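> I need the structure of the sequence given here:
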Amino acid sequence: MSLSRRKFLVNSALISGAVVTNSLIASNQSNKSTTNIQELPLIISTWSHGFPASKKALKVLANNGNLLDAITSGINLSENDPANHSVGLGGYPDADGNVTLDASIMDWSGNAGSVACLQGIKNPINVARLVMEKSKHVFLTGNGAQKFALNNGFVKENLLTEKIKVEWEKWIESQKKRMIDPVLGSEKNHDTIGLLAIDKDGNIAGGVSTSGWGYKHPGRVGDSPIIGAGLFVDNEIGAACATGLGERVIETVGSFLIVEMMRQGFSPLEAIKIAVERLKKRSNNNQNFQVAYIALNKNGEHAGYSLRNGFEYAIVTNSYAKMITTDYMIK
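Okay, the predicted model is just below:
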C-alpha cells in the first residue's frame, strides 16, 4: 500500500480537529499571540501541574543544565508536591494502603531507565535515571528498586500523607459495607506527569512519573515505566508519552506507535490520533476511560490529543508559555 493511500485511509477514519502545534495555537488564544514553530529549546508536559514543571525544566536548560537535569528537576516539582495525588509524595495508595511509584526516562542516545512498584522514595524519576546511568539494567521493580535507591544515597520516607490516609480508610470502609473485594474498587483519577524536551541543539529526551491507579491491586504496574508504552524517544524522529488508563496504553504500545507514525511522515497530531483510534477500537464498547498523549518531532512541532474531553498540556519556550486544551475523539 502506498504512503499516500495509507494516509488517506487513516485520515478518513479519524475525527478532524484543530492542530495544536506552535504554528496554530495562536488561533485558539484570545491575545492572538504567535510563536515560531522552530523555537528551541521547547518543553511540553501533561496536565496543569506540568506547567510549573516545564518552566522549571526550561530554567535548568537556561542555566546550562543538560536535558536530563531539566527533566528530572521539572518532574521533581510534581513528585514533591503533597497536594498532587497522582505523583510522588501524597499519591493515592494501592488497596493495601501502600504508595507505590512508577517512572521512566529516556535520553537522546536511546538509553532508558525505569522503576516500578517503588515504595518509600518520593522521586522515582531520579532513581530511574540512576538505573539508566549507573547500572547495567533498564528496569528495576519493587524491593529491588528500593534497595538500589537506598544503596545509592536515597532516603526512605513515608509517602502516605495524613489526608490521603484518611481518604483511603474511608474507601476501605465503603468497600466493606458494599461487601466487595477492595482491590476491585473504583478507579481514582491519576494524572501522570509526562515531560518531553528538545534542547537548542535539537536533542530530545523525556520522562514520566506517577503513583498510578488509586486503590489499585497491589503489584499493579501501569504504562509509565514501560518503555514504548508510557514513553518513547527516538532522537532522529521525536518523542511521545502517555497519561490515563495505562492498561489500554500497554496493550497498544502507544508511545512507540506514535513515534513510528511520525517516522512515516505523519505530524505529531496525526500520529497521536492513530494511536488513540487504535486503543478505542481495541476496547470495543468499553470506553468509559481516558487516555491522552503528547508528542513532539525533531522540528519542534508538538501536539496533544485524548480519547475524551478534559485533557490539557503545557508548552513552554523562551518566549511562549501556555496551557493548551486539546481536541478529543469521542464527542
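> When you work out contacts or count neighbours from here on, use the C-alpha atoms and nothing else.
Noted.
> Centre of the chain to stretch 46-60, how far?
With Cα atoms, centre = their mean, to the nearest Å as the basis, stretch 46-60 stands 13 Å off its chain's centre.
> Tell me which residue is most central in the protein.
In the chain, the residue lying closest to the centroid (Cα atoms, centre = their mean) is G194, at 3.0 Å.
> For the strand or helix carrying that residue, name the packing helices and strands.
Using DSSP states H and E, G194 falls within strand 193-198. Counting contacts by 3 or more Cα pairs under 8 Å, 6 or more residues apart in numbering; DSSP states H and E, strand 193-198 is packed against strand 42-46, helix 50-62, helix 67-79, strand 204-210, strand 238-244.
> Can you convert these into a markdown table and add a column each for mean pLDDT?
Shown next, in a markdown table, are the helices and strands packed on strand 193-198 (pLDDT from 0 to 100):
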| stretch | mean pLDDT |
| --- | --- |
| strand 42-46 | 98 |
| helix 50-62 | 97 |
| helix 67-79 | 98 |
| strand 204-210 | 98 |
| strand 238-244 | 97 |
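> With distance to N318 added, can I get the ones you listed in TSV?
TSV is the format used below for the helices and strands packed on strand 193-198 (distance: least, Cα to Cα, whole Å):
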stretch	distance to N318
strand 42-46	8
helix 50-62	8
helix 67-79	14
strand 204-210	17
strand 238-244	20
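> Where does the prediction get shaky in the stretch 101-250 of the chain?
Along the stretch 101-250 of the chain, segments meeting pLDDT under 70 span 179-190.
> need the strands for it, in chain order.
Assigned by DSSP state E, counting those that start in this stretch, the stretch 101-250 of the chain shows strands spanning 101-106, 112-118, 139-141, 193-198, 204-210, 231-234, 238-244.
> Next one: the residue nearest to V60 when sequence neighbours are not counted from L77, what distance?
With sequence-adjacent residues excluded and distances taken as Cα to Cα, 6 or more residues apart in numbering, V60 is closest to A70, at 5.2 Å. A70 sits 11 Å away from L77, going by Cα to Cα, to the nearest Å.
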